[in-house]
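S.K.: Model the structure of this input:
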Amino acid sequence: MKTTGGCVTQGHRPTSASLWFTLGSLRSFPSPRPLRSLFCCAIVALGGGVARGQDLGLKSEPQKRAVAIVGATVHPVAGPAIENGVVVFSGGKLIRIAASGAPVDDVEVIRAEGKHIYPGLIGAMTQLGLSEIGSVRSMRDTAETGGVTPEVRPVTAVNPDSTLIPVARSAGVLTAGVAPGGGLVPGKVSVIRLDGWTTEDMTVEADAGLVVGWPAMRTFTGSWMSRSEDEQWRDIRRQLAALDEVFDSAGAYARARAADGAAAVDIRWEAMRGVFAGQAAVAQKPVFIQAQDYDQIRAAVVWAKQRGLRAVIVGGREAPLCADLLKAEGVPVIVQGTHSMPRRADSDYDEPFRLPAKLETAGVRWCLASGQDTAHERNLPNQAATAVAYGLGREEALRAITLSAAEVLGIADRLGSLEEGKSATLIVTDGDVLEVTTRVEVAWIDGRRQDLSNKQTKLAEKYREKYRRSGDLKEEVKK
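M.R.: I've put the predicted structure just below:
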């Protein structure tokens, strides 16, 4: 998220004005004329390419008529699977989940024998809508200027027309927790639905908690490290002191505001009031602490406990080593994917594959995020399937990308399972959602039926038609 005059602005595509400013500045460019012309053409092509990269599909319409899906195997997640079940929803809400029963009056009946119904999958920690092509700076809007920016709400910078949103949606990912990156306190986590004309339409929870980037807690002595251990320790202590100073100031501000509502408002500390117990009208918000190593996790949990904060560990590669502490303090972990390399050269090759099973066995609360670039958020169910192949139960894997993710993000009262009264955000598949060959056939978000096409499916249709026509032409030539 770039800033212009202190305001968060979208950075997904260069404007025509910015392109002409760049072209104008090239008049003094000292390179030869051919190179300058080539560079100008590249910039113009980039501008056109970015514009063409926007999703051109229409957004869904509100639900107008009750829908009953009958005959499928229903997976509520909050309870056992229901064979030959009935799911009815109206006005965007689930009104019946049962083994049988007559549909309500004036209902659209969808026969789904042999199919499966699941709640929409949840990407617990992503940058969907903030990053389109990672190698293009103008299409990365993931970090604000400055290291302490708790007031940042990433939903305000989400691009509703990102081409990656329909791709994730076609794989069954219908809700996402969007988080900024970089800095000590880069901002908040926002929860979005993957459908809507505007960011307001997409917002489920603008403020789901605060992100903290926990400093490294160990030094490195590799040949690539140019700084001494003493210098590294000074940096660690300086970052920890800066983090304490931030929370000391925010805590003092929260207490002052609670005592005197007319006190001057500071938008940075105002944005942090919700993470302190008893300082807000709503439930205490969690602090999402990015930590991978054992000593990081342990220090972060102890620090959060001392300050009365609700900690959530994001990453947690070495979380099983301090599972007893995490379990005792009730601190959940957002595992950032299973499709990654082992932590160290002497680690087991399947270390990341077995991490979810280890946390489940240890009794630690956890959920699963993809941990991948936004272009691959569609692989979330495959990440869960890998954990199943290495010891995790299928029901636990499904829960990790639905209800458990909703619980960690604080939206389990609305999403994450198929229960009466919750949002009608669900998918119908032709098989087990954890199987790589399974296709999502129909999806609804808040009762609105979704278009599951995307740029990739359109290209597939285009080139299948191309080769079909080529085949027809060859047949005509033979005749």
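S.K.: switch to C-alpha atoms for all contacts and neighbour counts from now on
M.R.: Noted.
S.K.: Check the gap between residue 270 and residue 365 for me.
M.R.: Using Cα to Cα, to the nearest Å, one gets 30 Å for the distance from residue 270 to residue 365.
S.K.: Comparing the two, which residue is more hemmed in?
M.R.: A direct count of neighbours by other Cα atoms under 10 Å for residue 270 and residue 365 places residue 365 higher, at 20 against 16.
S.K.: which non-adjacent residue is nearest that one?
M.R.: Of all residues not flanking residue 365 in the chain, residue 332 sits nearest, at 4.6 Å (Cα to Cα, 6 or more residues apart in numbering).
S.K.: Contacts only, for that neighbour.
M.R.: The neighbourhood of residue 332, defined by Cα atoms under 8 Å, 6 or more residues apart in numbering, consists of 311-313, 326, 364-367, 408.
S.K.: Which of these sits closest to residue 438?
M.R.: Using Cα to Cα, residue 367 comes nearest to residue 438 of those, at 21.9 Å.
S.K.: Break down the stretch 301-450 of the chain into its helices, ranges please.
M.R.: For the stretch 301-450 of the chain, applying DSSP state H, counting those that start in this stretch gives helices covering 323-329, 351-362, 380-389, 394-400, 403-409.
S.K.: Map the structural domains onto the sequence of this structure.
M.R.: When the chain is parsed with automatic domain parsing, its domains come out as 11-52, 59-120+417-479, 121-415.
S.K.: and the gap between residue 152 and residue 289?
M.R.: Summarising the geometry, the distance separating residue 152 from residue 289, computed by Cα to Cα, is 16 Å.
S.K.: before we move on, what about residue 436?
M.R.: Separation of residue 436 from residue 289 (Cα to Cα) stands at 32 Å.
S.K.: Same question for residue 390.
M.R.: Applying Cα to Cα to residue 390 and residue 289 gives a distance of 27 Å.
S.K.: go on, residue 404?
M.R.: Residue 404 is 18 Å from residue 289, by Cα to Cα.
S.K.: Quickly find the element holding residue 180.
M.R.: Using DSSP states H and E, residue 180 maps to neither a helix nor a strand.
S.K.: can you tell me which residues contact it?
M.R.: Residues in contact with residue 180, defined by Cα under 8 Å, 6+ apart, are 127, 142-144, 154, 186-189, 211.
S.K.: follow-up on the earlier one: neighbour count for residue 390 and residue 289, which is higher?
M.R.: Just comparing residue 390 and residue 289: by other Cα under 10 Å the higher neighbour count belongs to residue 289, 26 against 17.
S.K.: Show the backbone phi and psi for the more buried one.
M.R.: The phi and psi torsions at residue 289 (degrees, to the nearest 10) take the values phi -100, psi 120.
S.K.: can you offset everything so residue one is 44?
M.R.: All right, first residue 44 from here; so that's residue 332.
S.K.: quick one, what contacts it?
M.R.: Residue 332 makes contacts with 254-257, 343, 354-357, as judged by Cα under 8 Å, 6+ apart.
S.K.: what bridges to it?
M.R.: For residue 332, the residues forming beta bridges with it (DSSP bridges) are residue 255, residue 356.
S.K.: wait, is residue 156 part of a helix?
M.R.: No: membership of residue 156 in a helix is not supported by DSSP: H, G, I helix; E, B strand; the rest coil, which gives coil.
S.K.: so it touches residue 113, yeah?
M.R.: Yes: between residue 156 and residue 113 there is a contact at 7.2 Å, judged by Cα atoms under 8 Å.
S.K.: For these two, list the residues in contact with both.
M.R.: Common neighbours of residue 156 and residue 113, counting by Cα under 8 Å, 6+ apart, are residue 127.
S.K.: Among the contacts of residue 223, which lie within strands?
M.R.: Those of the contacts of residue 223 mapping onto strands are 230-231, 254, per DSSP state E.
S.K.: Quick one, which of those are buried?
M.R.: Among the ones in strands among the contacts of residue 223, the ones that count as buried by 16 or more other Cα atoms under 10 Å are 230-231, 254.
S.K.: so which of the residues you listed comes closest to residue 396?
M.R.: Of all those, the one with the least separation from residue 396 (Cα to Cα) is residue 254, at 25.6 Å.
S.K.: pretty sure the closest one is touching residue 231, no?
M.R.: Yes: with contact defined as Cα under 8 Å, residue 254 counts as touching residue 231 (5.5 Å).
S.K.: any shared contact partners between the two?
M.R.: Contact with both residue 254 and residue 231 is made by residues 193, 222-223, according to Cα under 8 Å, 6+ apart.
S.K.: Any chance of TSV for the residues you listed, columns distance to residue 239?
M.R.: Putting the shared contacts of residue 254 and residue 231 into TSV (distance: Cα to Cα, whole Å) gives the following:
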residue	distance to residue 239
193	26
222	19
223	21
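S.K.: Looking at the residues you listed, which one is closest to residue 308?
M.R.: Proximity of those to residue 308 was ranked by Cα to Cα; the top entry is residue 193 with 14.2 Å.
S.K.: mind listing what the nearest residue in space to the closest one that is not next to it in sequence touches?
M.R.: Counting by Cα to Cα, 6+ apart, the nearest residue to residue 193 once its immediate chain neighbours are dropped is residue 230, at 4.1 Å. Residue 230 makes contact with 191-197, 222-223, 253-255 under the criterion Cα under 8 Å, 6+ apart.
S.K.: Residue 230 bridge partners, please.
M.R.: Following DSSP bridges, residue 230 is listed with bridge partners residue 254.
S.K.: From residue 351, how far out is it?
M.R.: If you go by Cα to Cα, the gap between residue 230 and residue 351 works out to 20 Å.
S.K.: for residue 302, same thing?
M.R.: In this structure, residue 302 and residue 351 are 19 Å apart, going by Cα to Cα.
S.K.: one step back: neighbour-wise, which of the contacts of residue 230 leads?
M.R.: The residue in the contacts of residue 230 with the most neighbours, by other Cα under 10 Å, is residue 197 (30 neighbours).
S.K.: just checking, that one touches residue 233?
M.R.: Yes: in this structure, residue 197 is within contact of residue 233 by Cα under 8 Å, at 6.2 Å.
S.K.: list the residues that contact both of those two?
M.R.: Counting by Cα under 8 Å, 6+ apart, the residues touching both residue 197 and residue 233 are 221-222.
S.K.: returning to what we had before: got the contacts of residue 375 as a markdown table, with pLDDT columns?
M.R.: As requested, those are arranged in a markdown table below (pLDDT from 0 to 100):
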| residue | pLDDT |
| --- | --- |
| 354 | 97 |
| 355 | 98 |
| 356 | 98 |
| 369 | 97 |
| 407 | 97 |
| 408 | 97 |
| 409 | 98 |
| 410 | 98 |
| 451 | 97 |
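S.K.: Going by distance to residue 264, which of the residues you listed wins?
M.R.: The nearest member of these to residue 264, counting by Cα to Cα, is residue 356 at 26.5 Å.
S.K.: for the protein, where's the lowest mean pLDDT among helices and strands?
M.R.: Across the helices and strands of the chain, mean confidence by mean pLDDT, DSSP states H and E is lowest for helix 59-68: a mean of 35.
S.K.: Flag the shaky bits of the stretch 294-443 of the chain, pLDDT-wise.
M.R.: Filtered on pLDDT under 70, the stretch 294-443 of the chain yields the residue ranges 322-325.
S.K.: List the contacts of residue 177.
M.R.: Under the criterion of Cα under 8 Å, 6+ apart, the contact list for residue 177 reads residue 183.
S.K.: any idea of the pLDDT on it?
M.R.: The model reports residue 177 with a pLDDT of 73.
S.K.: Next: the one 5 residues further on.
M.R.: Reading off the confidence values, residue 182 has pLDDT 73.
S.K.: Lovely, talk soon.
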